[in-house]
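S.K.: quick one, structure for this:
(one chain, ligands or ions: 1)
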Amino acid sequence: MPEQKILKGFSRLPRQQKRLLVSALFGDPDAALKKFGSFDHPDAAVSAVLQGISENTLTNYPLPYSVAPNFLINGKVYMLPMVTEESSVVAAASWAAGYWAGKGGFKARVSETKKNGQLHFLFTGNAAKLKAQLPQLEDYIRWHLRPVLANMEKRGGGLSSLALADRTGVIDHYFQMQAGFHTADAMGANFINSCLEEISLAMQAYLEQSPDFRAQDFEPLMAILSNYNEDCLVEVSASCDIRELEGAAPGMEVREFARRFALAVKIAETDVHRATTHNKGIMNGVDAVVLATGNDFRAIEAAAHAYAARSGQYRSLSRVSIHSDRFEFSLLMPMSLGTVGGLTGIHPLAAASLEMLGHPGARQLMMIAASAGLANNFAALRSLTTTGIQTGHMRMHLSNILMQLGAGPDESEQIRQHFADKKVSHQAVADCLKKLRETG
Ligand code: MEV
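M.R.: A predicted model of the protein is given here:
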């Protein structure tokens, strides 16, 4: 591989030139160039949209766009769009959705949708006076923010609270102006960040005009939303009489299944190693819906894991309760989603996903994504506590193995049949293919 040089002005190069430059890093530059080209979208308008989403885009990176049917959520059936690279996620979600659909489905609710952000600043003036003047300062900030808030207020959102937090105990002169927002059906990141930057300007102007302070008393550091949305919560549960759990674990008595399942959740409530994987299983479902609807899965992930650690110990986001023969499995997590703005209206498939879901509002989408999370979590725990995860996983992985081994359609079909009742492993499939080829 040729040694790479520091490049100046790379981002300003036309795309074809970027491709040429990058393809020179490959053993076969022509093949690389061809590969980049082969993933271009044939529709020039769509291609332009996709290119415009990020910087230095060479081509597109397709992932499977799947659907999971039979999600019964609050009495309504949904076909869920899911985007994921993990082969078993959609199958697991679909299985769990169908399973719970026969038992009343998922019950979901959104308790709160407050978002928040902070202006982090240093203040070296008279802090007591600043605190005493908070009501006037708040009025001034709200007045200053009117133009930025106008549109959001028309949609039912806006600035819901302002509070001054004294953090001088942790860092000298460090304060925060903490702002709470409602962002209607938007995720609201840009809105919140714009407001926070305006809050900074408003504070600066207020302090400059006031005889009690000097402009140099105030040093704004950062104006940024927090992805930790502990007041933007969605809860979803699935429940049934314990006797109805038959079918979840063929060959296992229902109470035995429920006992083992509950223990699995308890372990994830107490052990960080297990809790991380357990929550990853929840995020398998959540992220797939979040991605398919053009939302920010990193924000959702960050909030989910911070919330899982809110007690000081990282724990499972889901819970199980078994009382008077009632089995209830539930999930509570923060989730800041949007169904307008951002990528939702720009990416053609994000827009299609929202249409498939019946144009949900943000609250509805939170309930849908959380249901996918609970479904995947249920399916994973059911496998783990019964057959083990690898049987199902490897069966789903079989297509990938066949592809890697270069099996043709007939060979693949024969191998699939062969492994219908056998344990799949890469080696076993490779051996089977070899034998098949040897025997003609
Ligand atoms: C794999 O993507 C997810 C699981 O590991 C989740 C879990 O262990 O609960 C199966």
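S.K.: ok, the residue in the chain positioned nearest to the ligand - contacts?
M.R.: Proximity of the chain to the ligand (Cβ to the nearest ligand atom) peaks at residue 281, 2.7 Å away. All C-beta atoms are positioned from the backbone trio N, CA, C, and that covers glycine. The contact partners of residue 281, taken as Cβ atoms under 8 Å, 6 or more residues apart in numbering, are 376-377, 380-381.
S.K.: flag every residue of the stretch 251-400 of the chain that's near the ligand.
M.R.: For the stretch 251-400 of the chain, the residues in contact with the ligand (Cβ under 6 Å from any ligand atom) are 277-278, 280-281, 284, 380-381, 384, 389.
S.K.: hmm, back to that, where's the residue of the chain closest to the ligand, which helix or strand?
M.R.: helix 272-292 (DSSP states H and E).
S.K.: output that helix as PDB, nothing but the C-alphas.
M.R.: Extracted C-alpha coordinates of helix 272-292, given in PDB (Å, rounded to 0.1, in the frame of the first residue of the first chain):
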ATOM      1  CA  VAL A 272     -22.300  -5.000  34.900                       C
ATOM      2  CA  HIS A 273     -20.900  -7.600  32.500                       C
ATOM      3  CA  ARG A 274     -24.200  -9.200  31.900                       C
ATOM      4  CA  ALA A 275     -26.200  -6.000  32.100                       C
ATOM      5  CA  THR A 276     -24.100  -4.500  29.200                       C
ATOM      6  CA  THR A 277     -24.900  -7.400  26.900                       C
ATOM      7  CA  HIS A 278     -28.500  -7.600  28.100                       C
ATOM      8  CA  ASN A 279     -29.000  -3.900  27.300                       C
ATOM      9  CA  LYS A 280     -27.200  -4.400  24.000                       C
ATOM     10  CA  GLY A 281     -29.900  -6.900  23.200                       C
ATOM     11  CA  ILE A 282     -32.500  -4.200  23.900                       C
ATOM     12  CA  MET A 283     -30.700  -1.700  21.700                       C
ATOM     13  CA  ASN A 284     -30.600  -4.300  18.900                       C
ATOM     14  CA  GLY A 285     -34.300  -3.700  18.400                       C
ATOM     15  CA  VAL A 286     -34.400   0.000  19.400                       C
ATOM     16  CA  ASP A 287     -31.500   1.100  17.100                       C
ATOM     17  CA  ALA A 288     -32.800  -0.800  14.100                       C
ATOM     18  CA  VAL A 289     -36.000   1.200  14.300                       C
ATOM     19  CA  VAL A 290     -34.200   4.400  15.100                       C
ATOM     20  CA  LEU A 291     -31.900   4.000  12.100                       C
ATOM     21  CA  ALA A 292     -34.800   3.000   9.800                       C
END
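S.K.: now residue 389. Its backbone dihedrals?
M.R.: The phi/psi pair for residue 389 (degrees, to the nearest 10) reads phi -80, psi -30.
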